[in-house]
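>>> The sequence and its predicted three-dimensional model are supplied below.
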Amino acid sequence: MEEHFFQCPYCWEEISVLLDPSVGRQIYIEDCENCCNPIEFRINFQNGTLNEFQAVSIEQ
């Protein structure tokens with residue numbers, strides 16, 4: 001597992017997520033640990049190296 005820091009697209013607080021480099025392409029939704037709003041994560045690893053990370057708000 002690899003820890004990655006980013007800013008929440010809602011509250012702008014810096015938070016972290018644990019990423020699994022053994023899974024190449026990942027898309028999932030997780031709530032911000034600070035403000036509890038849902039964030040869609042789009043993650044791509046190539047050869048164990050993170051080459052795409054997006055954390056976007058889900059308009060409700």
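Good, I have the coordinates.
>>> Now do the SS call for the residue nearest the centre of the chain.
The residue lying closest to the centre of the chain (CA atoms, centre = their mean) is residue 41, at 4.2 Å. Three-state assignment for residue 41 (DSSP: H, G, I helix; E, B strand; the rest coil): strand.
>>> Can you verify my assumption that it contacts residue 28?
Yes. Counting by CB atoms under 8 Å, residue 41 touches residue 28, with 5.5 Å between them. Yep, even glycine has a C-beta here, placed from its N, CA and C like the rest.
>>> can you list the weak-confidence ranges in this structure?
By pLDDT under 70, the low-scoring segments of the chain are 60.
>>> Now do the strands in it.
Under the criterion DSSP state E, the chain contains strands at 2-7, 14-19, 25-31, 38-46, 49-57.
>>> Point out the most buried one among these.
Greatest average neighbour count among these goes to strand 38-46 (a mean of 16), per mean count of other CB atoms under 10 Å.
>>> Now do it: everything it contacts.
8-10, 17, 19, 21-32, 50-58, 60 (CB atoms under 8 Å, 6 or more residues apart in numbering).
>>> Over to stretch 12-27?
By CB under 8 Å, 6+ apart, stretch 12-27 touches 1-8, 30, 32-35, 40-46, 48-50, 53.
>>> List the contacts of the residue lying closest to residue 9 once chain neighbours are set aside.
Closest residue to residue 9 apart from its sequence neighbours, by CB to CB, 6 or more residues apart in numbering: residue 57 at 4.1 Å. Contacts for residue 57 (CB under 8 Å, 6+ apart) come out as 9, 10, 37, 39, 40.
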